[in-house]
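Novice: Below are the sequence and a predicted model; questions follow.
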Amino acid sequence: MTILVVGECLVDLAPVATIARPSGAPPPGGEAGGPGGDPYSDGRHFVALPGGGPANVAVGLARLGVPTAFAGRFSHHGFGPWLRDHLVSNGVDLSPSVNAPQPASLAVVTLDPSGQASYTFYGPETADWQWVDDELPTRPSVAAVHTGSLATTFEPGASVVARWVASLRGAGEVLVSFDPNVRPGLLADVDAYRGRIDALAGNAHIVKASSEDVAAVYPGDPPLVVAQRWLEAGTTLVLITDGERGAMAVHRNGGQARCVPPPVVVADTIGAGDSFTSGLLAYLAEQELLGPKGVAGLGLGQLEAALARAVAVSALTCTRPGADPPDRAQLAAFLAQ
């Protein structure tokens, strides 16, 4: 029961408090450089981490024991081979991916005092956004497809992915999951983007979004109103996450569920929403509900259980620096507490 994830795998440049001084580098107060003679004193310290919403979802699924494939566009130089190795080492099948001549995309991470992450992206001339129609599989032999984030935002690839998702939904054989993962700073035309989100939501069986996503694209509309909008467009299940307040699920059959996360010490929120999606889809796969009919037939108890699992996976990820979702054993230990 394989899940195919489509989208970006990029580099998160995350801030760190300290960094090891390179071998042979002059100590503070030594040779001329910055103030005090330290050539590193004017620098900001970052660590390069594999990231990108879809790639994080793929890694999260694979760690939870779900057979997972990833279709991304990997630069053949620079960070590209390292990003490939990251997914392969986590058990993700990269056979649907593309070798690209463009450089890898970068996202500079900013953390507020509570560990909440925001991002500044460098693109869209980079590899992740240059999809053409013949690079995506016409009839993927998988149970489900997940996509979203910047892969459905940056052109020219965004329109290619949107057409491909519409063809999958039209065929009716594969479950389609979509997470807009909105980046408000990149939205030049919110009205046009809202139309894109509505169309993608109507072609997906599952839509997961955060309360921040909803506020950015549908200002003034409560999340429940937006969820109903997507259900009327054709979505079967909508999930809205709301940070430490938890998440809600709204089903086309009228079922609704809410779940508050267990108390945890937050390291940061990088990858929290992506791990929520991984936890949800992994639970559906575990319960043999990973398909259009399985999601359409979810009862209230199943909906509550699926939401609780997704919230737990997300909460556990928040206790770990960076986008570092848990494996099955770590999740089991956390759930047993």
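Specialist: Arrived safely. Computed from a predicted model, the values in this text were never measured in an experiment. Numbering: from 1, shown residues only.
Novice: Please make it C-alpha for all contacts and neighbour counts, starting now.
Specialist: OK.
Novice: Would you state the helices of the stretch 201-337 of the chain in chain order?
Specialist: With DSSP state H, counting those that start in this stretch as the criterion, the stretch 201-337 of the chain has helices at 211-217, 223-233, 272-286, 292-296, 300-318, 328-336.
Novice: Look at the residue nearest to Asp221 when sequence neighbours are not counted and report its pLDDT.
Specialist: Once flanking residues are discounted, Asp221 sits nearest to Ala215: 7.3 Å by C-alpha to C-alpha, 6 or more residues apart in numbering. pLDDT for Ala215: 96.
Novice: which residues are contacting the worst-scoring helix or strand of the chain on mean pLDDT?
Specialist: Within the chain, no helix or strand scores below strand 117-122, which has a mean of 79 by mean pLDDT, DSSP states H and E. For strand 117-122, the external contacting residues (C-alpha atoms under 8 Å, 6 or more residues apart in numbering) are 105-111, 268-270.
Novice: Now that Lys208 has come up, it's in contact with Asp242, right?
Specialist: No. When contacts are counted by C-alpha atoms under 8 Å, Lys208 is not listed as touching Asp242 (11.2 Å).
Novice: what sits against Asn203?
Specialist: 165-166, 169, 176, 234-235.
Novice: which residues in the stretch 101-250 of the chain form strands?
Specialist: Ranges of strands within the stretch 101-250 of the chain are 106-111, 117-122, 144-148, 175-179, 206-210, 237-241, 247-251, based on DSSP state E, counting those that start in this stretch.
Novice: Does Thr147 have any beta-bridge partners, and if so which?
Specialist: Assessed by DSSP bridges, Thr147 has beta-bridge partners Phe178.
Novice: Identify the residues contacting it.
Specialist: 5-7, 54, 177-179.
Novice: Determine which two of these are furthest apart.
Specialist: The largest separation in those, counting by C-alpha to C-alpha, is between Gly7 and Ser177 at 12.4 Å.
Novice: Settle it for me: which of those two has more neighbours?
Specialist: Just comparing Gly7 and Ser177: by other C-alpha atoms under 10 Å the higher neighbour count belongs to Gly7, 28 against 25.
Novice: give the contact list for the more buried one.
Specialist: 53-55, 70-73, 128, 147-152.
Novice: Next: Ala247.
Specialist: Ala247 neighbours (C-alpha under 8 Å, 6+ apart): 239-241, 258-260, 307, 311.
Novice: Excluding chain neighbours, what is closest to it?
Specialist: Counting by C-alpha to C-alpha, 6+ apart, the residue nearest Ala247 is Thr241, at 4.2 Å.
Novice: ok, now how distant is that neighbour from Arg309?
Specialist: Thr241 is 13 Å from Arg309, where distance means C-alpha to C-alpha, to the nearest Å.
Novice: related to what we said a few turns ago, please render the contacts of Gly7 as TSV that adds distance to Glu286 and pLDDT to the earlier fields.
Specialist: Listed next are these as TSV, based on distance: C-alpha to C-alpha, whole Å; pLDDT from 0 to 100:
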residue	distance to Glu286	pLDDT
Gly53	22	94
Pro54	20	97
Ala55	21	97
Phe70	20	98
Ala71	23	98
Gly72	25	98
Arg73	29	97
Asp128	31	94
Thr147	20	98
Gly148	23	96
Ser149	25	93
Leu150	28	89
Ala151	27	92
Thr152	28	94
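Novice: in the stretch 1-150 of the chain, which spans are helices?
Specialist: So, for the stretch 1-150 of the chain - with DSSP H, counting those that start in this stretch - the helices run 53-63, 80-89.
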